[in-house]
Each structure stands twice: as C-alpha cells, then as structure tokens.
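K.L.:
quick check, what structure comes out for this input:
(one chain, ligands or ions: 1)
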Amino acid sequence: MAQTNLLSADPLSLETIRGTLIRLEETIIFSLIERGQFALNPTIYQKGAVAQLKELGFQGSWLEWFLAEIESFHAKARRYTSPDEYPFTSNLPAPLLPPLQFPTIFHPNTVNVNPTILNFYIHFILPRITANATQALAAKKRAEGVQGAAEWEDDGNWGSAATVDVSVLQAISKRVHYGKFVSESKFRSKPSAFIPHIQAGNRQALEDLITKPEVERALLHRLRKKASLYGQEIGPDGEPLVNGKNGVNGTNGHAENEKAKAKIDADVVVEIYESWLIPLTKEVEVDYLLQRLDGLSEKEIEAFMSQPAK
Ligand SMILES: C=C(O[C@@H]1C=C(C(=O)O)C=C[C@H]1O)C(=O)O
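P.N.:
Numbering: from 1, shown residues only. Modelled structure (predicted):
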C-alpha cells in the first residue's frame, strides 16, 4: 500500500484510506527509532537559544530553522500542492514547477493542527523516545565530572537529530490530517447522519459517529506487534539479541529486560498513538465536519439530506 491514496481509483474509499494509515505506521515507527539514537539535546527546541541563528536574524529554535529551510526547498520542488501534506512553516516560496492537477476531494476548510503536533512532539514524544540515549549521555557526562542540567547537553548531533525530527513531524502531520479523507468519506456515505449534528455544532455527537472502537483496538494491537518486531536488535549472527539470565547478551537466556535491547519501547509507541495521534486525528475529523456545510445553499443541504446511504 502506498503512503498516499491520491493516486488510487477512488481516493475516498475508506478501505484505501485505512490502508494508507496502516502503511504510515511503518514510516512513523522507523522515524521514531531513528530519532531515538540521539539524546534529547533540549537546546535544539528552545527559541533564541542558538546565537548563530540570531546573528542570521532568525529568532526561532534550531528545529524551527530546520523546518523553515527544509520546507522552503521542498515547496520550490512543488511539495505541499497536494491535499495530503501540510507544512509547519508559513509564507513558503512558490513552486518552480506548475502544480499537479489533483482531484478536488475536500470541502474548503481551514483545519490545520500542526502547531499542536509540534508542541506535543517536543513535550511528550521526544522525552520518551530519546530516554535511553539521554540517560546514556548523562551517565557519560557524570563520569566526566559534569552534573545537573548540563548532563543532558549534548551529544553534538544537532543536525542529524533535527533532520529526523522534520521527518517524524511530517509523517505525523500527514497521518493526523488524513482525518479529513476519513471524514469526507464517511460524510459522503451518509450525509443525513452528520448534517443535523453539524448544524447544531454538536462535537460530541460527531465524534461518537466517526469513532470506530474496533478499528482502534485492532490498530493498537497491530502497532504493538510492529514496534516490538521492528525495535528488535539483531546480532551479527542474524539472531535477535536478548539479555540472558546472567545479564550477558546471548541467545540462550530469558529476556529479563527486553526493553534494554529494543531500539524503541513498544509501550511508548502505543501510548503515542493512543494518547495523541488517534485523538488528534479524530479532532481533525470533527473540525473538518463542522466546516463541511459552510457556503452551501439550503437547496444543496436538502439534496444531501435526501441522498440515500451508500
Ligand atoms: C481513522 C478513522 O476514524 C477514527 C480514528 C481512528 C484513528 O485515528 O486511527 C481509527 C478509527 C476511528 O475511531 C477510521 O474510521 O478509520
């Protein structure tokens, strides 16, 4: 399955959309594994903390500078002209190439939760996925006589860490904003189920309508399996590394602290989805539905109301 359903025969097929969301799980898990190699390096995320950027006249953080530079280049290469990608940077340059003709899929809307995604990435996701590398750096610093806040500064990988941060943020943004495809698909399948709640501004009723607990349960179960599998350390002999009873790596012991050998903690991946990605996706679904009737005439709404369920 591709990472986008725009090129499929029916971009609003719920099955195709869900297939794309499933495919994005690999992208997100592997980019989180990549970022987990480096320590937190908190200075990267502090606005105005890097003197060299201030000398350039840039007042944001190291990460915001990476986002601005990378997304500006991507915009010139015609990225962000498709309905499934949302930049974190505003005022991007125009594309060098003429825009591709994508099908009109969404009703005009202003839904964009990237500021929230950036916020929870920095304050919730990063500390969790960099915990092992940060703890190892702090131990190394203490061995060198450094104590306190300075223990966490830094492993020097500001460029590599921020480059991966941008990849993670773009993958999470695509995944969360796919909620618009889901909502448009569900709306078109039975407009009359949604219209009264949209007209009443009833967020809870709309969220209850779009929520599919069985899909979420299957997703979290699948995600734990994927994160456990992809997070395994494989030894030179091609066998998974686990901590033996004597604490020595090997293939003959019990996995006493499997997490110590995993590249990523499967519980953390599940928590990220359960606490943030799924709720935010549903927020996008509801926000989009609340704008779905904007600009429509009474006659157009009545036509939707009389449309039989698909
Ligand atoms: C994305 C959908 O809508 C909701 C959001 C989901 C998610 O974020 O993974 C899963 C199921 C639904 O509760 C869907 O129905 O597939």
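
K.L.:
what does the stretch 201-310 of the chain put close to the ligand?
P.N.:
210-212, 215-216, 219, 278, 281-282 (CB under 6 Å from any ligand atom). For every residue, glycine as well, the C-beta is placed using N, CA and C.

K.L.:
identify the farthest-apart pair in these.
P.N.:
Across these, the longest distance by CB to CB is 14.5 Å; it joins 210 and 219.

K.L.:
save the residues of the stretch 201-310 of the chain next to the ligand as JSON lines, and put in secondary structure and neighbour count too.
P.N.:
Formatted as JSON lines, these follow (DSSP: H, G, I helix; E, B strand; the rest coil; neighbours: other CB atoms under 10 Å):
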{"residue": "210", "secondary structure": "helix", "neighbour count": "18"}
{"residue": "211", "secondary structure": "coil", "neighbour count": "13"}
{"residue": "212", "secondary structure": "coil", "neighbour count": "15"}
{"residue": "215", "secondary structure": "helix", "neighbour count": "14"}
{"residue": "216", "secondary structure": "helix", "neighbour count": "14"}
{"residue": "219", "secondary structure": "helix", "neighbour count": "20"}
{"residue": "278", "secondary structure": "helix", "neighbour count": "19"}
{"residue": "281", "secondary structure": "helix", "neighbour count": "21"}
{"residue": "282", "secondary structure": "helix", "neighbour count": "20"}
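
K.L.:
what is the least confident helix or strand in the protein?
P.N.:
One helix or strand of the chain scores below all others by mean pLDDT, DSSP states H and E: strand 249-250, with a mean of 41.

K.L.:
ok, residue 105 touching residue 8?
P.N.:
No: taking contacts as CB atoms under 8 Å, residue 105 lies outside contact range of residue 8: 11.5 Å.

K.L.:
tell me how far stretch 145-164 lies from the chain's centre.
P.N.:
23 Å (CA atoms, centre = their mean, to the nearest Å).

K.L.:
average pLDDT across it?
P.N.:
Mean pLDDT, computed over stretch 145-164, is 93.

K.L.:
buried ones in it?
P.N.:
151-155, 157-158, 161-162, 164 (16 or more other CB atoms under 10 Å).

K.L.:
and which of those is nearest residue 272?
P.N.:
Of the buried residues of stretch 145-164, the one sitting nearest to residue 272 (CB to CB) turns out to be residue 164, at 15.3 Å.

K.L.:
and that closest one, helix, strand or coil?
P.N.:
Using DSSP: H, G, I helix; E, B strand; the rest coil as the criterion, the local structure at residue 164 reads helix.

K.L.:
in this structure it contacts residue 30, no?
P.N.:
No: between residue 164 and residue 30 there is no contact under CB under 8 Å: 10.1 Å.

K.L.:
check contacts around residue 55.
P.N.:
With contacts defined as CB atoms under 8 Å, 6 or more residues apart in numbering, residue 55 has no neighbours.

K.L.:
can you tell me how far it is from the ligand?
P.N.:
Relative to the ligand, residue 55 is positioned 43 Å away (CB to the nearest ligand atom, to the nearest Å).

K.L.:
before we move on, what about residue 144?
P.N.:
44 Å.

K.L.:
try residue 264
P.N.:
19 Å.

K.L.:
out of everything not next to it in sequence, what's closest to that residue?
P.N.:
residue 231 (4.2 Å; CB to CB, 6 or more residues apart in numbering).

K.L.:
can you count the residues close to that neighbour?
P.N.:
22 (other CB atoms under 10 Å).

K.L.:
now residue 206
P.N.:
Residue 206 has 25 nearby residues by other CB under 10 Å.

K.L.:
you'd agree it is up against residue 197?
P.N.:
Yes: with contact defined as CB under 8 Å, residue 206 counts as touching residue 197 (5.0 Å).
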